[in-house]
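Colleague: generate a structure from the sequence data that follows.
(chains A and B)
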Amino acid sequence: MNISTKTRKNYRQYLLAFLFLLPFLLFVLLCWIGPLGTTILLSFSDAKYVLSRMSYAGFSNYIKIFRFDLYVPEILKITVFYIGCVLIINALFSFLLAIMVTYYIKHEMVGAVYRVLWFLPRMLPTIIYALMWIWFIDPDIGLLNPILKLFGFAGPESWILQKPFSYILLVAVNGFIGVSWGMLIYSAAIKSIPISFFEAAMIDGATRFQIIKEIILPLLRWPMLFVTAWQTLSLMGSYGEILAIWGSHGTARAAGVDVWALYTYFKAFALGDYSYAAALSMILVIIGIILILIYFKIFGYGRLMQST
Amino acid sequence: MKRMMSLWLMVAVMVLGIMSTISLAQETPEKIIEMEAWCYGSPAEGFKATNIDRATRLLNKMLEAAGSNVRVDMKATFEHVPSADALKSKITAAYEAGQLPDILGGTDTLYEIRAGFLTPVEDYLTKYEDLAADIPYSLLWRFMYKGNLYGLSADSAAHTFYFRKDVLRQLGWDEAAIDAFPDKIRKGEITWYDISRIAKEAKAKGLVKWGIYHRPNPGGSLWIPYYTLTGGNFYDLEEDKMVLDKNSLLKMYKVYYQMAQIDKVLPSTMIGTSWRKIHTDFVNGRVLFWMGGCWQWGEWQRVAYHEELGELSASYAWENIGFSLYPAVETWGEPGVAVGTTSYVIPKQSKHPELAFLIALLASQPAFEVDHNITSGKLPLHGGTRSLPKFKEEAKFVAAISYFSDYALSEWMPHEGWIVLPSILVEGLTKVEQGELTPEKAVDLVVARAKAELGDEIIIK
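Modeller: Got it, this is the predicted structure:
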């Protein structure tokens, strides 16, 4: 085969691959790159109420965020607290849960049932999920306070408004829904470990804890990086359940659960200040990128990408 | 013979066909103007859209009588949208898509004015002012903004202070005392502190779970104590700026502090409570006082809040629920109500703005408006509506509160700051009610936040 034939063949292969990827690339362009570009443009504009009327405004929105917005320090603290606590549940507890339902429970059907049960909240529409929580925490008809009373704890009059109960609710609502996703990823990863590894370890007299520590944990480094990074980014942009439960921005602020994403939503859709909201979103994007780079360093991304 | 009969039959069919074609041609108008109206409000306000339909039919009859072949085909819809933000998003998206209807009813007029969605209508109002001759000037020219009129009042809603007559009876009040209660409030003999004391007594005796409820999110009724103290609201018309009177704000927060933290008749977690719980608790007699609005009188008779009766009957409501102005803050001070009007507005994208305005104006005519007043409990715009027999017989509640107009404090604040300030005020209110801040510190917080958000656009007195 001469060189030009080989080149033509390679070209055809690349073209074929590109054509197969094209729908996905178009999707990424329309749903991710396009909106990202629009958000960047908006953040440097003065778009208010409508997007069709805007002019260049330089860095004024960013200056306002860092110098003049009284709410930003408080919101930043709440957001860091929220992401930190929920990440522990989503990334760490989900790992423990995956170990339980995939490794400890040997019977596949039983394990599958537990996985489905944990996944149910995620399958519900956000509004239904929020409504169920509202009923659950209702001081008159809800189950939560009576259950706590059985264990000797007095629940608050209002889980929505009274601190620190509102903080606990904030973390529980989002943690409960996020843990299932991590559990699924880890479960799949554990299932993909060759059985022979476990068998060899057991023959060598390793305990279950040693197997988890020496075999499962190191082999799950890649899924751990993925879950931690994904969940961090997801939490940074999440506000749906908070808005559905706390109802309005004023209430969320009064309850101390006004996270960055919710504040951005308020600025955009309650006040029509799209350019300022875009600038707030871009801050999230930048922080997200920095965090991902830090995770790459911690988890040894370079080493993970090397061929075995 | 048979052939002759077939021929005559054919001719008869042809003649009939030609005649019906001619008559159809005569009946079919040459010009159909298609229009759309989107109306919003509480579940009891469906007549906002129904009256647009009726007005259109009336207009079409007039056009037909005048021999015109123009007809208007109006599609008027009504929807109850609990989330103001969701409604704003819908309207904004429709504007961006060039799909706003010809008439909007019951939406956030100030937001739409500032966003540039609306057509000024003062010229149309001047042209058709005869149709609005008996609407008070303050209601007719309500939606002024920088010299232009942007909306036509669709109705007038007064905040109403409700109380449970049955609970007062259990407290030992006789009918004369109960009947005199609204009048005492009107005269300034009963203040918020008296209300709190009465509520405390009822709660202590186990007659109610809570003494008083207020709305769970930012809204006009929360600030009425402030309005009655200042005689105005948070807007200075001459300066075209927001205004905050620290002393009046402090007195208002002290009222709520008294009720929530000292007398403990108001739940400290009132903000964030569900609307359903609020209505259910009051309608079922678990709360003595409710800082509500006149439209709820109709809502309670249309939504099944009562755990046994479902929708309240009118007789039950009259027997057990009383209503008055909001009390004064200080003895012999001024009671009051905030009066808000919803509007019909004409988006710029309407191809027939004058026609849309005329239909909206016709929709508020007494014969149509009276049904809206009866079902929604909102006050009529037209003086003529009050003299209709139907109004006197069936709008008993609205007739009973018509004196509120004399104590009305306007809620129209055509300044962008009014989109921001309520959140700040409710933040202060929540911290006061929860005991997190004293009223004095809450005022400092509100002033700091307001200055940061509004800068020179707010005057702090």
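Colleague: and the helices in the stretch 101-250 of chain A?
Modeller: Taking DSSP state H, counting those that start in this stretch, the helices of the stretch 101-250 of chain A run over residues A:108-123, A:126-137, A:144-150, A:165-191, A:195-203, A:208-211, A:217-219, A:221-236, A:240-246, A:249-255.
Colleague: wait, a strand at A:L70?
Modeller: No - A:L70: not assigned to a strand; according to DSSP: H, G, I helix; E, B strand; the rest coil it is coil.
Colleague: pretty sure B:V303 sits against B:E311.
Modeller: Yes - look at B:V303 against B:E311 with CB atoms under 8 Å: they come within range, at 6.6 Å. To be clear about C-beta, it is placed using only N, CA and C from the backbone, and glycine gets the same treatment.
Colleague: what about residue 91, how many neighbours?
Modeller: Picking chain A for this. A:A91 has 21 neighbours, counted by other CB atoms under 10 Å in any protein chain shown.
Colleague: can you look at chain B instead?
Modeller: With other CB under 10 Å as criterion, B:I91 counts 22.
Colleague: also A:N10?
Modeller: Using other CB under 10 Å, A:N10 has 10 other residues around it.
Colleague: element containing it?
Modeller: According to DSSP states H and E, A:N10 maps onto helix A:3-28.
Colleague: can I get the helices of the stretch 101-250 of chain A in CSV including mean pLDDT and distance to B:D406?
Modeller: Output for those, formatted as CSV (pLDDT from 0 to 100; distance: least, CB to CB, whole Å):
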stretch, mean pLDDT, distance to B:D406
helix A:108-123, 87, 54
helix A:126-137, 92, 41
helix A:144-150, 93, 47
helix A:165-191, 91, 43
helix A:195-203, 89, 85
helix A:208-211, 88, 80
helix A:217-219, 89, 77
helix A:221-236, 91, 54
helix A:240-246, 91, 39
helix A:249-255, 80, 32
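Colleague: closest to chain B out of these?
Modeller: Smallest distance to chain B across those (CB to the nearest CB): 3.6 Å, for helix A:249-255.
Colleague: and the contacts of the closest one?
Modeller: Contact partners of helix A:249-255, identified using CB atoms under 8 Å, 6 or more residues apart in numbering or on different chains, comprise A:71, A:160-163, A:166, A:242-243, A:246, A:258, A:262-263, A:265-266, A:270, B:216-218, B:271-272, B:422-423, B:426-427, B:430-431.
Colleague: stretch A:227-234 now?
Modeller: A:83, A:86-87, A:90-91, A:94-95, A:178, A:181-182, A:185-186, A:288, A:291-292, A:295, A:299.
Colleague: among the residues you listed, which ones are buried?
Modeller: For the contacts of stretch A:227-234, a neighbour count by 16 or more other CB atoms under 10 Å in any protein chain shown gives the buried set as A:83, A:86-87, A:90-91, A:94-95, A:178, A:181-182, A:185-186, A:291-292, A:295, A:299.
Colleague: show me where the stretch 101-250 of chain B has helices.
Modeller: Listed in chain order, the helices of the stretch 101-250 of chain B (DSSP H, counting those that start in this stretch) span B:109-115, B:122-127, B:137-140, B:165-170, B:175-187, B:192-204, B:224-230, B:246-257.
Colleague: and chain A, which of its residues are near chain B?
Modeller: Proximity of chain A to chain B is confined to A:48-53, A:68-70, A:134, A:138, A:140, A:156-158, A:160-162, A:246-251, A:253-255, A:269-272 under the rule CB under 8 Å from any CB of the partner chain.
Colleague: ok, and the closest non-adjacent residue to B:E453?
Modeller: Excluding the flanking residues, the one nearest B:E453 by CB to CB, 6 or more residues apart in numbering or on different chains is B:V420, at 5.1 Å.
Colleague: next one: A:W135
Modeller: Distances taken as CB to CB, 6+ apart place A:G142 nearest to A:W135, at 6.0 Å, with adjacent residues excluded.
Colleague: I figured the one you found hits A:M132, correct?
Modeller: No - using CB under 8 Å, A:G142 is not in contact with A:M132; the gap is 10.2 Å.
Colleague: give the contact list for B:F323.
Modeller: With contact set as CB under 8 Å, 6+ apart, B:F323 has these partners: B:160-163, B:182, B:294, B:297, B:397, B:400-401.
Colleague: in the stretch 251-400 of chain B, which spans are helices?
Modeller: For the stretch 251-400 of chain B, the helices defined by DSSP H, counting those that start in this stretch occupy B:275-283, B:295-300, B:314-320, B:353-363, B:366-376, B:383-386, B:389-394, B:396-400.
Colleague: nearest to chain A, out of those?
Modeller: Chain A sits nearest to helix B:275-283 of all these, at 7.5 Å, using CB to the nearest CB.
Colleague: for A:E199, grab the count of nearby residues.
Modeller: A:E199: 10 surrounding residues under other CB under 10 Å.
Colleague: before we move on, what about B:K348?
Modeller: 13.
Colleague: now do A:Y56
Modeller: Per other CB under 10 Å, the neighbour tally for A:Y56 reads 9.
Colleague: could I get the pLDDT score of it?
Modeller: For A:Y56, the model assigns a pLDDT of 93.
Colleague: so A:V257: helix, strand or coil?
Modeller: Of the three states, A:V257 takes coil under three-state DSSP.
Colleague: who touches it in this structure?
Modeller: A:V257 neighbours (CB under 8 Å, 6+ apart): A:78, A:82, A:166-167, A:169-170, A:242, A:246.
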